[in-house]
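1. all I have is the shape, not the residue letters:
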């Protein structure tokens, strides 16, 4: 009887460990967005608040992706998925090596504290895993960013994954940020957002 109880307890513990993993692996419903002016398409979680502006698209998501909660959620303390695009006429017709000279890795890193964290003090922002890849027609920059706590605003630490695509004539900035304690739990949604981004004709 003692052995059976012990095996039952082990089985129950195993099930409880597996259930969160299954919940995280369940695909989150998304909504497709396509921008004809800036030639891109991307998918964002359906339960988020979606805001569009000139050259920008942003999803602000409550922790449980409840649409009503997302409608009231603060962008500063929520999971945020963002795309911004700008025309750079001077880059039209440039090869990847030339694009990398017109927007360097140093410029990429210099932008991140303010654009991702809203932080003017660069020393307070941790930037890791920076990479620059020259592809057939573009340059891709990647980085992981850790934003510091802002006590007077009641903001906890946040983490972000960032991608910049520098193409001939257009620059794209992708940012996925979430509170540090929620980042790993939201990683599937963040990775899906980044993977869904594509350029269109």
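-> Received the coordinates, thanks. The model shown is predicted, which means the values in this text are computed figures rather than measured ones.

2. rest of the way, CA atoms for contacts and neighbours
-> Noted.

3. pLDDT at residue 28, what is it?
-> We have a pLDDT of 85 for residue 28.

4. next: the one 3 residues further on.
-> Per-residue confidence for residue 31 comes out at a pLDDT of 96.

5. helix or strand for it, which one?
-> Element membership of residue 31 [criterion: DSSP states H and E] is strand 30-35.

6. ok, residues contacting stretch 174-193?
-> Contact with stretch 174-193 is made by 24-25, 28, 42-45, 77-84, 116, 156-164, 194, as judged by CA atoms under 8 Å, 6 or more residues apart in numbering.

7. give me the buried subset of those residues.
-> Among these, those scoring as buried are 42-45, 77-84, 116, 156-164, 194 (criterion: 16 or more other CA atoms under 10 Å).

8. which ones among these lie within strands?
-> 42-45, 79-84, 158-164 (DSSP state E).

9. how about residue 73, what does it touch?
-> Contact analysis of residue 73 by CA under 8 Å, 6+ apart lists 60-62.

10. narrow the residues you listed to those in strands?
-> Among these, DSSP E puts 60-61 in strands.

11. tabulate the contacts of residue 73 (JSON lines), appending distance to residue 190 and pLDDT.
-> Shown next, in JSON lines, are the contacts of residue 73 (distance: CA to CA, whole Å; pLDDT from 0 to 100):
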{"residue": "60", "distance to residue 190": "12", "pLDDT": "98"}
{"residue": "61", "distance to residue 190": "11", "pLDDT": "97"}
{"residue": "62", "distance to residue 190": "14", "pLDDT": "95"}
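
12. in this structure, which helix or strand is least confident?
-> Within the chain, no helix or strand scores below helix 2-25, which has a mean of 42 by mean pLDDT, DSSP states H and E.

13. and residue 37, which of the three is it?
-> coil (DSSP: H, G, I helix; E, B strand; the rest coil).

14. number of nearby residues for it?
-> By other CA atoms under 10 Å, 9 other residues sit near residue 37.

15. show the pLDDT at it.
-> pLDDT, read off for residue 37, is 96.

16. what's the distance between residue 98 and residue 67?
-> Residue 98 is 44 Å from residue 67, where distance means CA to CA, to the nearest Å.

17. I figured residue 161 was touching residue 147, is that so?
-> No: with contact defined as CA atoms under 8 Å, residue 161 and residue 147 do not form a contacting pair (11.2 Å).

18. which SS class is the nearest residue to residue 67 once chain neighbours are set aside?
-> Using CA to CA, 6 or more residues apart in numbering and skipping residues adjacent in sequence, the residue nearest residue 67 is residue 47, 4.7 Å away. Three-state call for residue 47 (three-state DSSP): coil.

19. tell me how many other residues crowd residue 60.
-> 30.

20. so what's it up against?
-> Counting by CA under 8 Å, 6+ apart, residue 60 has contacts 48-50, 70-71, 73-75, 78-81.

21. how near is it to residue 79?
-> Distance, residue 60 to residue 79, using CA to CA: 6 Å.

22. so residue 123, which of the three states?
-> Residue 123 ends up helix, using three-state DSSP.
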